[in-house]
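Enquirer: coords please:
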Amino acid sequence: MSGQAAFASAKHLESHVSLALILTVVLQSAAALLWAGAAAERITQLERRTANQDAVTERLARLEEQMDQARASLNRIEERLSR
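Expert: Predicted structure coming up:
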């Protein structure tokens with residue numbers, strides 16, 4: 001009788017272990033999918049910010065060039081005035 005009880009207990013434990021294992025895998029998979037979705041959203045936001053910064057960077061480069069030209073013009077004017 002003790003052999004049958006041990007077998008029944010092992011069978012019962014095995015079904016609980018299998019259920020726990022399946023539940024753990026399902027929960028870990030769900031967590032991984034949530035993490036991947038959050039990471040994808042962060043990447044999308046960074047790409048949007050980068051696209052906006054490209055336009056600002058280009059405009060800043062143009063303004064720097066205009067400022068250099070204005071300085072050169074101002075230097076020429078100052079040289080003519082000092083003569």
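
Enquirer: Near residue 66, how many other residues are there?
Expert: Counted with other C-beta atoms under 10 Å, residues neighbouring residue 66 total 10. In this view, the C-beta of every residue, glycine as well, is placed from N, C-alpha and C.

Enquirer: swap in the one 5 residues further on?
Expert: Number of residues near residue 71 (other C-beta under 10 Å) recorded here: 10.

Enquirer: Quick one: classify it as helix, strand or coil.
Expert: Of the three states, residue 71 takes helix according to DSSP: H, G, I helix; E, B strand; the rest coil.

Enquirer: Can you read off the pLDDT for it?
Expert: Per-residue pLDDT puts residue 71 at 96.

Enquirer: What distance do you get for it to residue 64?
Expert: According to C-beta to C-beta, to the nearest Å, residue 71 and residue 64 sit 11 Å apart.

Enquirer: what does residue 50 give?
Expert: Look at residue 50 and residue 64: by C-beta to C-beta, they are 20 Å apart.

Enquirer: ok, now residue 33?
Expert: For residue 33, the distance to residue 64 equals 46 Å [C-beta to C-beta].

Enquirer: Any regions of the protein where pLDDT drops low?
Expert: The chain contains residues with pLDDT under 70 at 1-15.
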